[in-house]
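A.B. asks: sequence-free structure coming up:
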């Protein structure tokens, strides 16, 4: 009697995880009914966002989210893979623990603290030293042109890169550790250098998992709110220059929700949230499946 | 080698030597590049935060705009209350879900789907959770409240707690369960007092990790707890929280506010780092290994 009650109670708690997902979906759909019905799919291709006159197009935010996430991945992925290679294949054992502890700490710092740091330290640094160099070297591409305020899409991309680095590198490390040692030994036995061993023996075997961890980082970047909201510039415009201010989906919700001028405005913001929810669910599901596919057969995490 | 077609074996050897060393240098360089911002953030935080920290910070309310010398006492208490509420909700449900996954649902299709859903739920942006709870609690109650803030943070704790609890319970050897059952202890009793107790250090670790994660959450609190300039511990009223206050102060136009934002950030990070370090200490000191 007590046993079966206990069992049902535990089952109920496990099922609560489904309930949460369902609840989020239901709440988002019911509260964005107004704009869902009024604008339909046009909502996602319109580029005018003027809450006061009742025009709602989410394209600038989608653009901002995609571009800032892309910038962050371009910056973070090579670095993260480099760190993972260093930690799994080259680093002396004594250092490994403290390095992974440091990256864990980096993952534990709250978004709002990253944002604060970005406003007061990173943005001035970019504006004074990094952006002028980028304008000089890459100005011809049209991606880095004046005017430059420091805050903007590029600053958002840089702070996002710093934030997603730990998750990508620690998962990449996990996947690389899961590659059996015999693979490494086999390649070394053929006379390969260390880099060739890493490239052919480790990276090739781990690539599916690495892609998974990158997608997981992308999921984080897409939904990251506070730090981005603090440095992206909050301007619903689509501009070719990365130094221009922009806006992201999560940031516009954070900034405008409590000051929404009308019910339609609030409904539009919730619909953006719904889109964000669906996209991150798909992205995370893909990433999990990839990581899972690789680490499933591996021996238990040996760190 | 696969990537090049060298003319002679000397050139080949040279190229391979070069590639090998370049790769090593790049790997070391990227590690330094990754460590650099972390060090920069910590140095900045400790330096600017420590300069601004004083006794007032912990005891005073925020000063009126333009006046110096305010503190964040109400935010600290508010955060503690919110996190307490969140733990009350997230920890029992999370641990129970973990018990189900490890003890009843091992290898079943249902538990695989639950596990997968929990992982995916972990990746849902916190701001989306905030909107959902806004619709669920704030709209029907017609007002922002500490209760709504606690609920949203609690929901966010569940997947993390459930997954770590499951992983820790899986490490408990079968012989321990069998020993308990062999004594005629009912199944539920053996799970709670034997299996769960054996895995307790690990389970607590998971709870601390989830706690540390939601402690710094700002976005979901914007539309639930809202923030408050004054003392409030009422569950049905808006309440102040440390991350919210940091956000407001960091974006504000006054130097005094920026100072307080740094001090608040330092306190918040200190709390989180201490709990993560504690977790690290517990997990590496073999407390868990001793259990298995």
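C.D. replies: Nice, thanks for sending it over. Remember, predicted model here, so these are calculated numbers, not experimental data.
A.B. asks: what does the stretch 101-250 of chain A have sitting close to chain B?
C.D. replies: Applying C-beta under 8 Å from any C-beta of the partner chain, one finds that the stretch 101-250 of chain A approaches chain B through A:101-106, A:108-117, A:119-121, A:162, A:165, A:169, A:193-196, A:198-200, A:216, A:219-220, A:222-226, A:230, A:250. Placement of C-beta: from N, CA and C, glycine included.
A.B. asks: Can you tell me the closest non-neighbouring residue to residue A:291?
C.D. replies: Distance criterion C-beta to C-beta, 6 or more residues apart in numbering or on different chains; nearest residue to residue A:291, sequence neighbours excluded, is residue A:212 at 3.9 Å.
A.B. asks: Give me the buried subset of the residues of the stretch 101-250 of chain A next to chain B.
C.D. replies: Neighbour counting by 16 or more other C-beta atoms under 10 Å in any protein chain shown classes A:102-106, A:108-117, A:119-121, A:162, A:165, A:169, A:193-196, A:198-200, A:216, A:219-220, A:222-226, A:230, A:250 among those as buried.
A.B. asks: ok so, going back, okay, and the residue nearest to residue A:291 sits in which element?
C.D. replies: Assigned by DSSP states H and E, residue A:212 belongs to helix A:204-223.
A.B. asks: which parts of that helix are buried?
C.D. replies: For helix A:204-223, by 16+ other C-beta under 10 Å, it's A:205-206, A:209-223.
A.B. asks: Stretch A:262-271 now?
C.D. replies: Residues of stretch A:262-271 classed as buried under the neighbour-count rule (16+ other C-beta under 10 Å) are A:264, A:265, A:266, A:267, A:268, A:269, A:270, A:271.
A.B. asks: Filter those residues down to the ones in helices?
C.D. replies: Within these, residues falling in helices by DSSP state H are A:264, A:265, A:266, A:267, A:268, A:269, A:270, A:271.
A.B. asks: what helices or strands is the helix holding residue A:212 leaning on?
C.D. replies: helix A:59-85, helix A:153-178, helix A:249-256, helix A:263-295, helix B:126-133 (3 or more C-beta pairs under 8 Å, 6 or more residues apart in numbering or on different chains; DSSP states H and E).
A.B. asks: make it 6 Å
C.D. replies: In terms of contacts (3 or more C-beta pairs under 6 Å, 6 or more residues apart in numbering or on different chains; DSSP states H and E), helix A:204-223 is packed against helix A:59-85, helix A:153-178, helix A:263-295.
A.B. asks: Quick one: residues in contact with it.
C.D. replies: The contact list for helix A:204-223 (C-beta atoms under 6 Å, 6 or more residues apart in numbering or on different chains) reads A:65, A:69, A:72, A:77, A:160, A:164, A:167-168, A:171-172, A:175-176, A:179, A:183, A:250, A:280, A:283-284, A:286-287, A:290-291, A:294, B:123, B:125.
A.B. asks: Let's see that with 7 Å instead.
C.D. replies: Applying C-beta atoms under 7 Å, 6 or more residues apart in numbering or on different chains, the external contacts of helix A:204-223 come out as A:65, A:69, A:72-73, A:76-77, A:81, A:160, A:164, A:167-168, A:171-172, A:175-176, A:179, A:183, A:250, A:276, A:279-280, A:283-284, A:286-287, A:290-291, A:293-295, B:123, B:125.
A.B. asks: Helices along the stretch 1-150 of chain A, start to end?
C.D. replies: For the stretch 1-150 of chain A, the helices defined by DSSP state H, counting those that start in this stretch occupy A:2-31, A:33-39, A:59-85, A:93-108, A:111-117, A:123-125, A:131-138.
A.B. asks: Just the angle for the last one relative to helix A:153-178, thanks.
C.D. replies: Helix A:131-138 and helix A:153-178 meet at an angle of 80 degrees, taking axes from the mean of the first three to the mean of the last three C-alpha atoms, to 10 degrees as the criterion.
A.B. asks: Buried residues in helix A:131-138, which are they?
C.D. replies: Buried positions in helix A:131-138, judged by neighbour count with 16+ other C-beta under 10 Å: A:131, A:134, A:135.
A.B. asks: I'd like the distance between the last one and residue B:46.
C.D. replies: For residue A:135, the distance to residue B:46 equals 33 Å [C-beta to C-beta, to the nearest Å].
A.B. asks: returning to what we had before: select only the buried ones of the contacts of helix A:204-223 in PyMOL?
C.D. replies: PyMOL command restricting the contacts of helix A:204-223 to the buried ones, with burial defined by 16+ other C-beta under 10 Å:
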select buried, (chain A and resi 65+69+72+73+76+77+81+160+164+167+168+171+172+175+176+179+183+250+276+279+280+283+284+286+287+290+291+294+295) or (chain B and resi 123+125)
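A.B. asks: Can you name the residues that contact the closest residue to residue A:169 other than its chain neighbours?
C.D. replies: Counting by C-beta to C-beta, 6+ apart, residue A:169 lies nearest to residue A:80, which is 4.0 Å off, once chain neighbours are set aside. By C-beta under 7 Å, 6+ apart, residue A:80 lies in contact with A:165, A:168, A:169, A:172.
A.B. asks: so can I have JSON lines of these showing pLDDT?
C.D. replies: Supplementary listing: these in JSON lines, determined by pLDDT from 0 to 100:
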{"residue": "A:165", "pLDDT": "90"}
{"residue": "A:168", "pLDDT": "90"}
{"residue": "A:169", "pLDDT": "89"}
{"residue": "A:172", "pLDDT": "90"}
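A.B. asks: Which one of those is nearest to chain B?
C.D. replies: Here the nearest of the contacts of residue A:80 to chain B, counting by C-beta to the nearest C-beta, is residue A:165; it sits at 5.7 Å.
A.B. asks: How about that closest one: what's its closest non-neighbour residue?
C.D. replies: Using C-beta to C-beta, 6+ apart, the closest residue to residue A:165 is residue A:76 (4.9 Å).
A.B. asks: Just confirm the one you found contacts residue A:158, I think it does.
C.D. replies: No. If you go by C-beta atoms under 7 Å, residue A:76 and residue A:158 don't touch, sitting 9.6 Å apart.
A.B. asks: Right, and chain B sits closest to which residue of the stretch 51-200 of chain A?
C.D. replies: Nearest residue of the stretch 51-200 of chain A to chain B (C-beta to the nearest C-beta) works out as residue A:110 at 2.3 Å.
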